[in-house]
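Student: Provided below are the primary sequence and the corresponding predicted coordinates.
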Amino acid sequence: MAENLLRVPLHDRHVALGGRMVPFAGYEMPVQFSGIKDEHLAVRAGAGIFDVSHMGEVEVRGQDAIAAVDALVTNDVRGLVDGQALYTTMCAPDGGIIDDLIVYRLAHDHVFICVNAANRHKDVAFMKEHLPAMDAVLEDTSDIYIQLAIQGPEAEALLSPLNSDAELSELAFFRCQWMEVAGVRALVARTGYTGEDGFELYIPQGGEAIFDMLVERYVPERLALCGLGARDTLRLEARLPLYGQELSTEVNPFEAGLGWVVKLNTGHDFVGKDALIAAKEAGVTRRLRGVRLQGRGVLRPGYPIFVNDTQVGQLTSGGFAPTLDASIGLGYIDIEHADVSAAEVEIRGRRLPVALTKKPFYSRPR
Amino acid sequence: MELPKDYRYSKDHEWVCDQGDGSALVGITHYAQDALGDIVFVELPALGAELQAEDDFGVVESVKTVSDLYAPLSGEVIAVNEDLEDAPELVNESPYEKGWIVRVKISDPSELESLMDAAGYQAFLNDGES
């Protein structure tokens, strides 16, 4: 393992628990523990715990914190109430996606932002460059927090007994609250990246205690230790985009199916707004579609997509979907073919039929 | 780690089991299947295909990665493990028996001798991990 890789605070625990460590976004992270399929299915059926401490955190404080963040992102931060979270893109002046983020309004003068690990330094530089001259101070607090994700239909039942001062069941989807968990104060958010119910915990100090208690109480019977491999297969089934694959500075949110996080009629400006207005008026030239292989094989990023012998796009993600026992992917398709329901994907020189879909491959039962 | 004593091994982590009738079974080692993780697809060569030692002849796909299969010796494919089409996980569960991949009619028996024995492969793995 290269020596310049960063280690998360729980690194030694992961190794001791059998985690297979791989380089990821500059960190040494566990890709799997018992196996990606097992971990994936455990999250769908019960619960799994992921260390996602490599993710970055940025905090903006000051009387104008809300308006300042609103000037950076495409979604409407002003519409939030205290304790509410928002998924959004942050775009360059030309409309390309700098990153996708979750913005949490903690108070009228405190906004907490979770950014992708690989984009952390790029994001912070971009945010500082474009932060309006207002009463708002931006700080990269990534090194303060351990971030844990506890995901799956049983997540609430497992966390509730460890949580003394609030009713976890009353925390609604995309809401967050500071609370005690295993005697440690943590920002608990009902958010996630798996398509399941679950929580993400941002823990400034004592995160090890929460992890240890969860492991001691629940692993392996009721809680699966999960690595980034299962995180990727889970997010792909739920059709959640990944920065660096579906999302990049080369695509705008409309192409990525994220037009819903672009609010053009709020009356205030944000970086990239003019370009996005123009892009919306001009219409997109390609669109992100879901792809499901009809038959045996595995889809991978980069494979070309064909309609009638014409290459119409290529896959940005692809892999095996354990819940479906099939291979699925995502890819951009030229707009004139973007509404077809069937196409072919070339795998090592052979073209195999795929079904195209706009919907998630998996949606949790409600 | 399981390493049958009477098998031969390549540096690409394939094993060869001499059947004593001029043919050999070929598969991937316990080490290889463990490194790949959950195997979800094996792309098999056609019956009658002529393998050249060290050339790729198929593909193993796990949940997280795709990996070429390299022929440990030359010869004609006289059988493929069709069970892997419906149960590719046999490569994980039973890499040296039920997870065999192809049966090859050996064209050059001296190639078999040039492969590592179990002790040699174990030493090769130890070197790689140190």
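Tutor: Yep, it's here. All values reported here derive from a predicted model rather than from experimental measurement.
Student: name the residues of chain B found near chain A, please.
Tutor: Contact residues, chain B versus chain A (Cβ under 8 Å from any Cβ of the partner chain): B:Gly37, B:Asp38, B:Val40, B:Phe41, B:Glu43, B:Val59, B:Glu61, B:Val63, B:Lys64, B:Val66, B:Glu85. Backbone N, C-alpha and C define where each C-beta goes, glycine included.
Student: and A:Val251, that's in a strand?
Tutor: No. If the criterion is DSSP: H, G, I helix; E, B strand; the rest coil, then A:Val251 is coil and not within a strand.
Student: pLDDT score assigned to it?
Tutor: At A:Val251, the model reports a pLDDT of 97.
Student: same thing with A:Gln314?
Tutor: 97.
Student: burial measure for the closest residue in space to A:Ala342 that isn't next to it in sequence, as a count.
Tutor: Excluding its sequence neighbours, the residue lying closest to A:Ala342 (Cβ to Cβ, 6 or more residues apart in numbering or on different chains) is A:Ala355, at 5.9 Å. Around A:Ala355 there are 14 other residues, counting by other Cβ atoms under 10 Å in any protein chain shown.
Student: other SSEs contacting the one helix or strand A:Ala355 maps to?
Tutor: Here A:Ala355 sits within strand A:350-357, counting by DSSP states H and E. If you count contacts as 3 or more Cβ pairs under 8 Å, 6 or more residues apart in numbering or on different chains; DSSP states H and E, strand A:350-357 packs onto strand A:286-293, strand A:342-347.
Student: of these, flag the one that's most buried.
Tutor: Most buried of the helices and strands packed on strand A:350-357, by mean neighbour count (mean count of other Cβ atoms under 10 Å in any protein chain shown): strand A:286-293, with a mean of 21.
Student: farthest-apart pair in the residues of chain B next to chain A, please.
Tutor: B:Lys64 and B:Glu85 (21.0 Å; Cβ to Cβ).
Student: secondary structure element for A:Glu208, which one?
Tutor: Here A:Glu208 is assigned to helix A:207-218, by DSSP H and E.
Student: gap between that helix and the chain center?
Tutor: Remark: helix A:207-218 is offset 23 Å from the chain centroid, using Cα atoms, centre = their mean, to the nearest Å.
Student: mean confidence score for the helix or strand that comes right after it?
Tutor: The C-terminal neighbour of helix A:207-218 among helices and strands, as given by DSSP H and E, is strand A:224-226. The pLDDT scores in strand A:224-226 average 98.
Student: direction included, what does strand A:224-226 pair up with?
Tutor: strand A:48-51 (parallel) (DSSP bridges).
Student: buried set for the partner strand?
Tutor: A:Gly48, A:Ile49, A:Phe50, A:Asp51 (16 or more other Cβ atoms under 10 Å in any protein chain shown).
Student: in JSON lines: these, plus pLDDT.
Tutor: Putting those into JSON lines (pLDDT from 0 to 100) gives the following:
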{"residue": "A:Gly48", "pLDDT": "98"}
{"residue": "A:Ile49", "pLDDT": "98"}
{"residue": "A:Phe50", "pLDDT": "98"}
{"residue": "A:Asp51", "pLDDT": "98"}
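Student: just curious, which of those is nearest to A:Gln311?
Tutor: A:Phe50 (36.2 Å).
Student: quick check: closest non-adjacent residue to the closest one.
Tutor: A:Ala149 (4.3 Å).
Student: what's the neighbour count on the one you found?
Tutor: So A:Ala149, with other Cβ under 10 Å, has 25 neighbours.
Student: what is it paired to in the beta sheet?
Tutor: A:Phe50, A:Glu200.
Student: quick one: contacts for it?
Tutor: A:Ile49, A:Phe50, A:Val52, A:Gly192, A:Tyr193, A:Thr194, A:Gly198, A:Phe199, A:Glu200, A:Leu201, A:Arg231 (Cβ atoms under 8 Å, 6 or more residues apart in numbering or on different chains).
Student: whichever residue of the stretch 101-250 of chain A sits closest to chain B and B:Pro45: what is the separation?
Tutor: Using Cβ to the nearest Cβ, the closest approach of the stretch 101-250 of chain A to chain B is made by A:Gly229 at 5.0 Å. Here the distance between A:Gly229 and B:Pro45 works out to 28 Å (Cβ to Cβ, to the nearest Å).
Student: for those two, indicate the residue with more neighbours.
Tutor: A:Gly229 (26 against 19).
Student: so between B:Lys64 and B:Glu85, which is more surrounded?
Tutor: A side-by-side neighbour count of B:Lys64 and B:Glu85, using other Cβ under 10 Å, places B:Lys64 first with 22 against 13.
Student: hang on, the more buried one packs against A:Glu39?
Tutor: No. Taking contacts as Cβ atoms under 8 Å, B:Lys64 lies outside contact range of A:Glu39: 11.5 Å.
Student: which residues of the chain fall in helices?
Tutor: In the absence of a named chain, chain A is used. Secondary structure of chain A (DSSP state H): helices at A:11-16, A:36-45, A:65-70, A:120-130, A:155-159, A:207-218, A:228-237, A:273-282.
Student: wait, chain B
Tutor: Going by DSSP H, chain B shows helices at B:30-36, B:83-86, B:90-93, B:109-114, B:118-129.
Student: okay if I get those as CSV plus mean pLDDT?
Tutor: CSV is the format used below for those (pLDDT from 0 to 100):
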stretch, mean pLDDT
helix B:30-36, 95
helix B:83-86, 95
helix B:90-93, 98
helix B:109-114, 94
helix B:118-129, 91
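Student: rebuild those helices as JSON lines, extending it with distance to A:Arg292.
Tutor: Compiled in JSON lines, the helices of chain B are given as follows (distance: least, Cβ to Cβ, whole Å):
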{"stretch": "helix B:30-36", "distance to A:Arg292": "23"}
{"stretch": "helix B:83-86", "distance to A:Arg292": "19"}
{"stretch": "helix B:90-93", "distance to A:Arg292": "24"}
{"stretch": "helix B:109-114", "distance to A:Arg292": "42"}
{"stretch": "helix B:118-129", "distance to A:Arg292": "38"}
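Student: where does chain B have low pLDDT?
Tutor: B:129-130 (pLDDT under 70).
Student: which non-adjacent residue is nearest the residue most central in space within chain A?
Tutor: In chain A, the residue lying closest to the centroid (Cα atoms, centre = their mean) is A:Tyr193, at 4.9 Å. With Cβ to Cβ, 6+ apart as the criterion, A:Tyr193 has its nearest non-adjacent residue at 5.1 Å, and that residue is A:Arg235.
Student: good, wrapping up.
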